[in-house]
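> need coordinates for the following:
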Amino acid sequence: MSIDLLNQTLYEKPSTVKEYICTQKYLWIEEKTIFEKYEQHIKDKAILDVGCGGGRTAIALSELTPNYTGIDYSLEMVKACQKWHSSLNFLHGDASDMHMFDAESFDFIIFSFNGIDCMSHEKRIKTLEEIYRVLKSGGIFAFSSHNLDDRKIVTAFNKYDIKRPRSLVKNVLNVMSYLKVRKYQIHADTYEILSDPLAGFGHLTYYIRKQEQVKQLVNVGFQNIAILNRQAQFVDVDSLDRDSEWLHYICQKPMSKANVKSRCQ
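Just a heads-up that it's a prediction; the model follows:
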């Protein structure tokens, strides 16, 4: 079983959908910072919310623009969003193949909650290319991704949870879950796919260092790349962020020659 199928199966489970709908309701401080700093690219613009999940970011974005679209590869997540946010536009689709959208359809695209980390390396690159395709010239793409330099990476059991009630039983279950997916882990030169605490360590997550993530974005064609740590501080690409579980990346699709010419006139 591939990481893509394994993780997608998890997001179709009723228990996962319920967790996202009931507990994932608020914006992170990094997201608030992004929405404020890049408001000119969001306010009254065409927005695509990739991996919209239970609709956590949908409310905040729809308050900024009437032109909101959410997309998720989990049909059950989409159904839940359509039920609880019936006035908004949600579609079932895969971020690596968004054929339902024309090129240069959106001014701002966000892929929140490390959603891009739930896929294989090959699918991740296809997703970045597809996002670049549907993003307008000069448009902004923002997303978060797990940080391979984080000092607290845990892949089999949570040693920080030892003193809590029932932690022994919990950790035994976590190890059992981990053992089921361990063979699917990948340790490449530029990234790693590791077991993650989500779903009791039965979930696989993509980890990458800042320098390598920036290279991926540049290779696709993005420019003007900015990085936010967990404290919503803009950081340098070469800094060592050992206390950020994940980082937010904000990048821009270059202006087309036609758009540059029209702005100069």
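
> count the residues that sit near Glu31.
Using other Cβ atoms under 10 Å, Glu31 is surrounded by 22 other residues. Using the backbone N, CA and C atoms, a C-beta is placed for each residue, glycine as well.

> before we move on, what about Thr33?
There are 18 residues near Thr33, going by other Cβ under 10 Å.

> how is it assigned, secondary-structure-wise?
With DSSP: H, G, I helix; E, B strand; the rest coil as the basis, Thr33 sits in helix.

> residues in contact with it?
For Thr33, the contact set (Cβ atoms under 8 Å, 6 or more residues apart in numbering) comprises 228, 232.

> distance check, it against Lys45.
Thr33 sits at a distance of 18 Å from Lys45 (criterion: Cβ to Cβ, to the nearest Å).

> kindly report the same for Asn114.
Distance from Asn114 to Lys45, by Cβ to Cβ: 24 Å.

> which residues touch Glu76?
Counting by Cβ under 8 Å, 6+ apart, Glu76 makes contact with 11-14, 17.

> strands along the chain, start to end?
Shown for the chain, the strands assigned by DSSP state E span residues 47-50, 68-72, 89-92, 106-111, 135-147, 186-187, 191-196, 203-208, 223-228, 246-252.

> those: which one's closest to Ser62?
When those are compared by Cβ to Cβ, strand 68-72 sits nearest Ser62, at 4.5 Å.

> partner strands of the closest one and their direction?
With DSSP bridges as the test, strand 68-72 is paired with strand 47-50 (parallel), strand 89-92 (parallel).

> mind putting the ones you listed in JSON lines, mean neighbour count and mean pLDDT included?
Output for these, formatted as JSON lines (neighbours: other Cβ atoms under 10 Å; pLDDT from 0 to 100):
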{"stretch": "strand 47-50", "mean neighbour count": "26", "mean pLDDT": "98"}
{"stretch": "strand 89-92", "mean neighbour count": "17", "mean pLDDT": "98"}
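
> any chance of the ones you listed in a markdown table, plus distance to Asp102?
Shown next, in a markdown table, are the strands paired with strand 68-72 (distance: least, Cβ to Cβ, whole Å):
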| stretch | distance to Asp102 |
| --- | --- |
| strand 47-50 | 12 |
| strand 89-92 | 14 |
